[in-house]
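1. from the sequence below, what's the structure:
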Amino acid sequence: MTLVHANSFGVSMPIDLTMGEGFVNPLGFHDATPVFSWKLPVGVQKQTAYQLVVKGDGLLWDSGWVESDRSVFVPYGGKALASRQQGEWQVRFRDENGKQSEWSESATFELGLLSNADWKAQWIRPSMPDAPPVPEFKLIKATYRAKEKHELQKDLTAFYRKKIKDNFLEVNVRNQVLGGDPAEGSVKELVLVYLLDGEERTSIVEENKKATFPPMEAKVESVAWLRREFPVSGEVGRARLYVTARGVFEVHLNGEKVGNDAFVPGWTSYADRLDTLTYDVTDKIIGGQNAIGALLGAGWYAGRLGWAHDKGLFGRHPELLLQLEITYRDGRKVNVVSNGEWKATLDGPIVVSSIYDGETYDARKEMPGWDKPGYDDAAWGAVGVNAEPGAQRLVPKPFAPVRVTETLATRKITEPEPGRFVFDLGQNMVGWPVLDIPVEKDRTVTLRVAEMLNQDGTMYTANYRSAKATDFHTAAQTGTVSWRPTFTFHGFRYVELSGLPEGAKPKTDWVRGEVLHTDLPRIGSFSSSHEKLNQLYSNITWGQRGNFLDIPTDCPQRDERLGWTGDAQAFAPTALLNYDCHAFFKSWLGSMRDDQFADGQIPHVVPDILNAGGSPGWMDAATIIPWDVYVSTGDAEMLSENYGMMEKLVAWYRGRSKDGLISKMGGFGDWLQPYAKDQKGDTPKELLGTAFYANSVQILADSATVLGKKADAAKYGAEAARVKAAFANHYFDADGKLRNAPETQTAYLLAIGFNLVPDELQKKAARHLVALVDAADGHLRTGFLGTPFIAQVLDDMGHGDLAYSLLFKETYPSWFFSINQGATTMWERWNSYSHQDGFGNVTMNSFNHYAYGAIGEWMIERVAGLSLDPEHPGYRHFFVRPLSGGPLTSARAELETAYGKAASGWRKEGNRLAMEVVVPPNTTATVEFPNGRPSETVAPGVHRFELEL
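-> Numbering: from 1, shown residues only. Now for the predicted structure:
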């Protein structure tokens, strides 16, 4: 072994100071009880003490010297912090030799508006045009019943007829509202039979949900433009803009766009929480008259969502809430707020805007100078003021917004049909097409997007289903124009332009792609000697980028783009190795808590728009993701925040079980397993339900242990043991072979991966698993639930060679199969497309779906060898466990942990293996050598090893 650097000749200052979940000098911070983290400089072995000082107008906190090696998530212990609080902080430490470091450079923070009471603004929107007549509504019958046993019911027809007012009926399907429970312990629903303009209809409203009859739809698809002017008299010392929307917004101040964010405030469970944004606009305020304006779109709040063409699922009309706080240098304070003094118009250039369907832009309606002082807005109308503030919490956005992070150039242009030009960006991506094109006055250019092309080179858009994903631009003048959409995004590789001026000869610089996703820091990387394996990793990361757009979505292109819980939990361990998803997942789990059903079920999608849940492996995102984030980051608050949600889910499982087994279960099964009887796979849902029940209650027990809840740890640990024993006794014989259920790879994988069978049966069960793989000609037969485990379980059971064989398999179903068909992102199906057979089932055929990218975890942890240690979360200690195999001659993974860069790399020449290990300060690593050499625990530094295989 060669130690490259492990000792320091001097003690430098701490570096990379962050607050909360990795925020650097945050503005508009969300937490009045923050935690602080820092890294030690390279060369330091260990911290033995620290001192942290926080200052505002005066000293807020001096920790004094604390004898501790803790440098991550150190809790604030000073004076109470309040909305708008500004501060700065520094830290210093003592190393392993007792030497004291210099003070770090100062880091700053500023809190946002932490309470609804801080808001003096009012919700505003354009005054709406006269609405079309409401259809006549007559209630025939209302029945509140058990969802599965319809005979358990009660008639609420008379009750609801009294509730009809002005031809509208609002229902709130809750026991306490409806006068009791007709079927205790059962999931219930309200069935309404009614006439709508004489036509009989039936609607079902799930328990704990609300609905309005006749259904109210959002009618406005055009973007609203709002503005007002205000005077400034004096020198401005500070100006902060606090803003949010029921919808999506873009703010302009004195002719300039504020910030570089997109699709803000984002998508939360709007009935419970709205994120707010804070901007420093001090430099944008001018002396004299100022103008502030905003674009307001329907977004997720009032726009179309889901494949059922639903609009207005959270509200009918977008609204803006804005508060500009100006502090003069002489101490005066002035607020400019959204209120009745604003003016608005719907007659702007963005005529139609839909996340799914695209935008229609008419440049003839442009309003030059609308966001500058002195603009003539006499033709604009008054705003409508919503005096009802709403019950949702207004919370400073607790993670990064969506932003443009990269721009892709056109690589190739084709003309498969006369006048239709296809621009190939070379990479399936999510974001905006940006045009720099010649135009003719009054002529409309049509922009379509696609992920794939048909064999004749035309656009393949059938997999977008009902999402039109089409933009239109009508020119005001002949010349050239630069344009992109504003409140829509597309998933695409190809851009088709039609309607260009006659004789136009397209150039590659006419179209480029701006890549959009939540602006998460990139923390991980993987590389190897194999081109296709590197392409697989690229596909995984591009899939993550495209689908981490404010929430973790299933797909970014069709009429869906929802926060599917099963996809997210399957992919979470890999996601956490690529990008810093700590704050991202923390926020999304907050929406999950808000949307959890009263009986403990977790919705299929979060935020919930389907009013449905109860699928094993999907619901369990409530336990699995908090645990994954905890072991990845060391943040135990992930467990404490979600502990109640975990308990409710486990209680739901318990209520459906008998003697530890679940005998009746619905859900999606092992979704999209290849060669299955249907898309839900061949593994029985009851087996899946019992397996995930056992795993979730085990996570709950482990979480209780971490949180010091000893009684809970014992209680839930015993429950986990009972469920595991019941599972093993019912589903496995003494030879480790499945019984009472079809033999499937996924059944064996979950049994071993979740430790549901005793140790003495695991190797036996693994032999049966290997036999199933052999029977499938060495291929996997797993869907969304089994795939994350297949390489890991085979490896753990001593079949790493078979795991490698599956990873490098070229034929269907395999990871390389899609790459051989030209994939640049992960696909929804193993066979979404093939050169030989064409496109797969159009109903579920996304070409940007990250679930099968879960293999990335094994690539990083075992192929490269950089493995976390759950006993020491956050990489305080980690393992280096490279598994050389297959055709590889080298592999390397790097990860920027909370302590610094960790890395594992190896290179093979003949029978010799060279390894390099990077251990960050204040951590240790245990190196497990692939040739059986005794493991070594190594200190911070760069270590190199040479060994024979």
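
2. quick one, what contacts the closest residue to K908 other than its chain neighbours?
-> Distances taken as C-beta to C-beta, 6 or more residues apart in numbering put T889 closest to K908, at 5.0 Å, once the chain neighbours are dropped. All C-beta atoms are positioned from the backbone trio N, CA, C, and that covers glycine. Taking C-beta atoms under 8 Å, 6 or more residues apart in numbering, we find T889 in contact with 529, 907-909.

3. per-residue pLDDT, T889?
-> In this model, T889 is scored at 98, pLDDT.

4. returning to that earlier point: closest to G358 among the contacts of T889?
-> S529 (42.7 Å; C-beta to C-beta).

5. burial of that closest one, as a residue count?
-> S529 has 14 neighbours, counted by other C-beta atoms under 10 Å.

6. right, and it touches A891 too?
-> Yes: with contact defined as C-beta atoms under 8 Å, S529 counts as touching A891 (7.2 Å).

7. quickly list what's touching both of the two.
-> By C-beta under 8 Å, 6+ apart, no residue touches both S529 and A891.

8. separation between the residue nearest the centre of the chain and V91?
-> What sits nearest the mean C-alpha location of the chain, by C-alpha atoms, centre = their mean, is P552, with 2.4 Å. Relative to V91, P552 is positioned 33 Å away (C-beta to C-beta, to the nearest Å).

9. P126 too?
-> The gap separating P126 from V91 is 50 Å, by C-beta to C-beta.

10. mind listing what the closest residue to G900 other than its chain neighbours touches?
-> Distances taken as C-beta to C-beta, 6+ apart put P920 closest to G900, at 3.0 Å, once the chain neighbours are dropped. Shown in contact with P920 (C-beta under 8 Å, 6+ apart): 39-40, 42, 875, 897, 899-902, 940.

11. H309: which of these is nearest?
-> Ranked by distance to H309 (C-beta to C-beta), those are led by T897 at 45.5 Å.

12. need phi/psi at the closest one.
-> Backbone torsions of T897, given as degrees, to the nearest 10, read phi -80, psi 180.

13. can you get me a residue count around it?
-> Residues near T897, counting by other C-beta under 10 Å, number 22.

14. right, and it touches T923 too?
-> Yes: T897 lies in contact with T923 (C-beta under 8 Å); the separation is 7.5 Å.

15. which neighbours do those two share?
-> Common contact partners of T897 and T923 (C-beta under 8 Å, 6+ apart): Y875.

16. lowest-scoring secondary structure element of this protein by mean pLDDT?
-> strand 2-5 (a mean of 37; mean pLDDT, DSSP states H and E).

17. who touches whichever helix or strand comes after it?
-> Per DSSP states H and E, the first helix or strand lying C-terminal to strand 2-5 is strand 15-19. Residues outside strand 15-19 that contact it (C-beta under 8 Å, 6+ apart) are 24, 26, 29, 34-41, 89, 91, 104-105, 107, 109.

18. for strand 15-19, buried residues please.
-> Residues of strand 15-19 classed as buried: 16-19 (neighbour count, 16 or more other C-beta atoms under 10 Å).

19. before we move on, what about stretch 204-216?
-> 205-209, 211, 213-214, 216.

20. ok, so of those residues, who is nearest L750?
-> Taking C-beta to C-beta as the measure, L750 sits nearest to E206 out of the buried residues of stretch 204-216, at 28.7 Å.

21. what's the closest non-adjacent residue to that closest one?
-> The shortest distance from E206 to any non-neighbouring residue, by C-beta to C-beta, 6+ apart, is to N611 (4.1 Å).

22. just the element for the one you found, please.
-> Following DSSP H and E, there is no helix or strand that holds N611.

23. host element of V334?
-> Per DSSP H and E: strand 333-337 holds V334.

24. list the helices and strands that strand packs on?
-> Counting contacts by 3 or more C-beta pairs under 8 Å, 6 or more residues apart in numbering; DSSP states H and E, strand 333-337 is packed against strand 319-328.

25. distance between the strand it packs on and the chain's centre?
-> Taking C-alpha atoms, centre = their mean, to the nearest Å, the mean C-alpha location of strand 319-328 is offset from the chain mean by 29 Å.

26. mean confidence score for that strand?
-> Averaged across strand 319-328, the pLDDT comes to 98.

27. and the contacts of P920, which two are the farthest apart?
-> Greatest spatial distance among the contacts of P920 (C-beta to C-beta): V42 and Y875, at 15.7 Å.

28. more crowded one of those two?
-> When V42 and Y875 are compared for neighbours, Y875 comes out ahead with 26 against 18, by other C-beta under 10 Å.

29. tell me how far the more buried one lies from L794.
-> In terms of C-beta to C-beta, Y875 sits 25 Å off from L794.

30. the strand holding V334 pairs with which strands?
-> strand 319-328 (antiparallel) (DSSP bridges).

31. convert the C-alpha atoms of the strand it pairs with to CSV, please.
-> C-alpha atoms of strand 319-328 as CSV (Å, rounded to 0.1, in the frame of the first residue of the first chain):
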residue,chain,number,x,y,z
GLU,A,319,-53.7,33.5,-8.4
LEU,A,320,-50.7,35.5,-7.5
LEU,A,321,-49.4,36.5,-4.0
LEU,A,322,-46.6,39.0,-4.1
GLN,A,323,-44.9,41.1,-1.4
LEU,A,324,-42.0,43.5,-2.2
GLU,A,325,-40.4,44.9,0.9
ILE,A,326,-38.2,48.0,0.5
THR,A,327,-36.0,49.3,3.2
TYR,A,328,-34.4,52.7,2.7
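
32. what sits opposite the nearest residue to P182 once chain neighbours are set aside in the beta ladder?
-> Leaving aside its chain neighbours, P182 sits nearest to K154 (4.5 Å; criterion: C-beta to C-beta, 6+ apart). Here K154 sits in beta bridges with Y144, going by DSSP bridges.

33. with T474 instead?
-> T474 has these beta-bridge partners by DSSP bridges: D362, T444.

34. hmm, E366 and it touching each other?
-> No: T474 is beyond contact range of E366, at 10.7 Å (criterion: C-beta under 8 Å).

35. between these two, which is the more surrounded one?
-> Taking neighbours as other C-beta under 10 Å, T474 and E366 compare with T474 leading, 19 against 12.

36. quick one: residues contacting the more buried one.
-> Contacts for T474 (C-beta under 8 Å, 6+ apart) come out as 361-364, 442-445.
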